[in-house]
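Colleague: this one's sequence-less:
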């Protein structure tokens, strides 16, 4: 039988007044504590080799329990082996490997990562995780590598291959005075906003002894002030903006100064009779602004002339047809392309419209698989400078070791990333503190074998070295390839 709700008596008004008072008091007393997270002081000292016998931390980033634990979206961008960042290189065995790693089952992680490499040996992330899992069972030293996995996965993998190869070689040969090398991978998307948070997170983790990165100069220039202030060594293998030269005592790069890179290209253009050159560059890419400026200076010094045009790859209004027509109408005899690494497609579209009318010259950025794969005959003859090529030093074992490991020829980003890691390894042999590593790299007598020539740093932090000019020609797996200009 149901009750007649119309006959229920309502509570007296005083009941509601008291109830509201209690709710308000509770909100005042407890809500602030729920909304405010408790902060804790972290040590900024740098450790000696860490023992892998410690319990595994619970951070999804894979950070060591003795280090700072990143939170929020940054945690999803950092991994020592607990999550897959290169999703395009996923296998069932790799997924099982990261799950085992997250549980502290390093033997299970090793077995699964090895099984994944049997299916896909060209995955640098898995090789790094495999080495990290192996290192977790003993003493280890840890560094980080920051790459644009989200915005440019191909370039990210080129860099990771160099780091992975150097890590694997040192670990299989016994490590650094008995300590294995661990590498924490970070996805920064070449985004200045993300990079700032990444740099802050890495500097707060005292177990991180150095950072290999970043990729684009825009990213490196955002991170450099933070690393310099917090005294954490940064070695970028790919950023060539002038602003990084002499930036700070903790900032290094394994490519030569951009003036050294641009001058041979300008001199080559003039020497081959192309004195009037138009330039299309990216005004939001600091490295290619530097390349453009140094190219113009070298061009003028060699007797050439800049053809004034408005051609900016960064503009949403960029129109390749108009850009080419403007250059041709003003008497350009050649076209130099300097795009941002994430806007190479725009340079290719201009080359496609050009259809061989004007000889093409390019910044170092254009040395990518994407350029030859998508450009094909439209980039045939393109000339650009690079800091390394497989044929630079025939006596070096690196190109053949890389080919056997990765199943193909690697490019300069892999080589300079290998060199950056080799430099850090050599420095850590002398000292396992952040300050000691910095002092080792800054020493005027510092030198270590690299992918071709020895790695040596100038007082500016730039690498001592010279470039080689390469040209796109028919051949290779894509139908076109970069070959040394004879």
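Modeller: Alright, I've got the coordinates. Everything numeric in this text was worked out from a predicted model, so none of it was measured.

Colleague: All the strands of the stretch 351-486 of the chain, residue numbers only.
Modeller: 360-362, 383-386, 468-474, 480-484 (DSSP state E, counting those that start in this stretch).

Colleague: Comparing those, which comes out most buried?
Modeller: strand 360-362 (a mean of 26; mean count of other CB atoms under 10 Å). Any C-beta I mention is one placed from the backbone N, CA and C, and that applies to glycine too.

Colleague: what is the mean pLDDT for that strand?
Modeller: Across strand 360-362, the average pLDDT comes to 98.

Colleague: in stretch 457-465, what's buried?
Modeller: Of all the residues in stretch 457-465, those buried under the rule 16 or more other CB atoms under 10 Å are 457, 461-463, 465.

Colleague: all helices for the stretch 101-250 of the chain, in order.
Modeller: Along the stretch 101-250 of the chain, counting by DSSP state H, counting those that start in this stretch, helices occupy 106-119, 124-135, 153-172, 192-204, 217-230.

Colleague: ok, the residue nearest the centre of the chain - contacts?
Modeller: By CA atoms, centre = their mean, the chain has its centre lying nearest to residue 147, at 2.8 Å. Applying CB atoms under 8 Å, 6 or more residues apart in numbering to residue 147 gives the contacts 155-156, 159-160, 185-188, 213-215.

Colleague: Kindly report the same for residue 153.
Modeller: Per CB under 8 Å, 6+ apart, neighbours of residue 153: 86, 88.

Colleague: Rebuild the strands of the stretch 351-486 of the chain as CSV, extending it with distance to residue 95.
Modeller: Output for those, formatted as CSV (distance: least, CB to CB, whole Å):
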stretch, distance to residue 95
strand 360-362, 39
strand 383-386, 36
strand 468-474, 38
strand 480-484, 35
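
Colleague: And the ones you listed: which comes nearest residue 234?
Modeller: Nearest of the strands of the stretch 351-486 of the chain to residue 234, taken as CB to CB: strand 383-386 at 22.0 Å.

Colleague: Show residues contacting that closest one.
Modeller: 261-262, 264-265, 268-269, 359-364, 366-367, 411-412, 467-471, 482, 485.

Colleague: distance of residue 421 from residue 213?
Modeller: 11 Å (CB to CB, to the nearest Å).

Colleague: where do the contact lists of these two overlap?
Modeller: What both residue 421 and residue 213 touch, as defined by CB under 8 Å, 6+ apart, is the set residue 145.

Colleague: Residue 276 and residue 308 touch, don't they?
Modeller: No - applying CB atoms under 8 Å, one finds residue 276 not in contact with residue 308, separated by 10.6 Å.

Colleague: higher neighbour count, the two?
Modeller: Each of residue 276 and residue 308 has its neighbours counted (other CB atoms under 10 Å); residue 276 has more, 17 against 11.

Colleague: Looking at the more buried one now. What's its pLDDT?
Modeller: pLDDT at residue 276 comes out at 98.

Colleague: go on, residue 483?
Modeller: 94.

Colleague: So it sits against residue 471, correct?
Modeller: Yes - counting by CB under 8 Å, residue 483 touches residue 471, with 6.2 Å between them.

Colleague: thinking in terms of the whole chain, how far from its middle is stretch 163-171?
Modeller: 17 Å (CA atoms, centre = their mean, to the nearest Å).

Colleague: Could I get the contacting residues of the nearest residue to residue 147 once chain neighbours are set aside?
Modeller: Of all residues not flanking residue 147 in the chain, residue 156 sits nearest, at 3.9 Å (CB to CB, 6 or more residues apart in numbering). Residues near residue 156 by CB under 8 Å, 6+ apart: 86, 147-149, 187, 215.

Colleague: can you pull out the helices in the stretch 301-450 of the chain?
Modeller: Counting by DSSP H, counting those that start in this stretch, the helices of the stretch 301-450 of the chain are 320-329, 344-354, 369-375, 398-406, 412-430, 434-442.

Colleague: related to what we said a few turns ago, of the contacts of residue 156 - the most surrounded one?
Modeller: residue 147 (33 neighbours).

Colleague: Distance of the closest residue in space to residue 90 that isn't next to it in sequence relative to residue 122?
Modeller: Leaving aside its sequence neighbours, residue 90 sits nearest to residue 84 (CB to CB, 6+ apart; 5.6 Å). Going from residue 84 to residue 122 by CB to CB gives 15 Å.
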